[in-house]
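*Asks:* Got a predicted structure here, sequence first:
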Amino acid sequence: MNKGKSSIDMRMFTRDANFIRLFIVFIAVFIICTALKGTQFLNLGNFQSMMKQFPEYGLLAVAISLALLIGGIDLSAVYIANLSAIIAGKFLLSMAGADTADGTVHVMIFASFGVAVLVGAAAGGRNGYLISGFGIPAMLATLGTQSLFWGLGVVITGGSSMSGFPKPLASMINKSIGAVPVTVILFIAASLLAGLVVSRMVLGRQMKMYGTNNKATTYAGLNNRKLVVTTHVIAGILASLSGIIMWGRYSSCKADNGSSYTMQAILIAVMGGVSPNGGKGNIQGVVLAVLIIQMVSSVLNMFNNIPTACRQIIWGGLLLVVMIFNYVVNNRSKRH
């Protein structure tokens, strides 16, 4: 009895210790960014700019975190986001044009958001079924659907940017409540819900159990196929919300919007404490990692001479450093 209680307490301490480490990193990064760019970084306009940027890839990071939690990965999340927005955009254009001014345009826009979410859920479900129904490794399954979803987006748009949407679309997505953008509120709400699922609900416990040992869930009588499909459906819905945000921010849809976000989202998930091997992690750590990466990204944007390729090197290098650090910490905790 005491041994079980001690084990639970140790898990709670480990989880808290990871969040504390992240918070220390957050403070350190904030101090370094301030030292490098001073008032340019601390400027109110810069903070407003950061709030407009991180929700779209933050939602992708939460989506990928769920896939990692069950011992898989989702390399197609960005392209689910784009395909969701493209199909929703096609639907909206068939219902209303840029000059539509009647009161029904808002209803049509909300209906198109619903279409985007349905597309995201269907695409995510497809990933889950390929993995659980056909036994295809998650990396290969989602690598394949990454190309599939991208190709579908290119075919629908003709390889160009889709635009000409009703004007209220951008204002609805980009509006603020007080000083807080609606997209940030959407990110917080989605993260809270995902966090509740992972930390407080039976589904979350089943995800972690499956990610730790999927044979154990079979012996426990769980429906593994349903669990994997459900997880990927939720991930697809989160990706579609990211697609809606990008759609509004750019006022257009394109098959390759946010193509660099995959690496960033994986980095955020792993930095946030989600194990690439599955079974461990929480969403609050991922949210804090989103803010850390956004600060780094913001400072990099202030150095105009840093090319995109170098930024990819930075994200890739950071991912390797974080994984090595996690490996060392986990090995040390096992010895103790």
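*Replies:* Right, received. Where do you want to start? Numbers count the residues shown, from 1 in each chain.
*Asks:* Contacts for stretch 20-32 next, please.
*Replies:* For stretch 20-32, contacts defined as CB atoms under 8 Å, 6 or more residues apart in numbering pick out 271-273, 285, 288-289, 291-292, 295-296. C-beta: built from backbone N, CA, C; applies to glycine.
*Asks:* Also stretch 109-124?
*Replies:* Contacts for stretch 109-124 (CB under 8 Å, 6+ apart): 74, 76, 80-81, 83-85, 87-89, 91-92, 95-96, 145, 149, 166, 168-169, 172, 232-241, 243-244, 247.
*Asks:* In helices, which of the residues you listed appear?
*Replies:* 80-81, 83-85, 87-89, 91-92, 95, 145, 149, 168-169, 172, 232-241, 243-244, 247 (DSSP state H).
*Asks:* Distance-wise, check Val228 relative to Pro137.
*Replies:* For Val228, the distance to Pro137 (CB to CB, to the nearest Å) stands at 12 Å.
*Asks:* which of those two has more neighbours?
*Replies:* Taking other CB atoms under 10 Å, Val228 and Pro137 do not tie; Val228 has more neighbours (26 against 12).
*Asks:* That one reaches Ile131, doesn't it?
*Replies:* Yes - with contact defined as CB atoms under 8 Å, Val228 counts as touching Ile131 (5.6 Å).
*Asks:* Need the residues touching each of these two.
*Replies:* Gly72.
*Asks:* Now pLDDT too, for the contacts of stretch 20-32, in JSON lines please.
*Replies:* Formatted as JSON lines, the contacts of stretch 20-32 follow (pLDDT from 0 to 100):
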{"residue": "Met271", "pLDDT": "92"}
{"residue": "Gly272", "pLDDT": "93"}
{"residue": "Gly273", "pLDDT": "91"}
{"residue": "Gly285", "pLDDT": "93"}
{"residue": "Leu288", "pLDDT": "94"}
{"residue": "Ala289", "pLDDT": "94"}
{"residue": "Leu291", "pLDDT": "95"}
{"residue": "Ile292", "pLDDT": "93"}
{"residue": "Met295", "pLDDT": "93"}
{"residue": "Val296", "pLDDT": "92"}
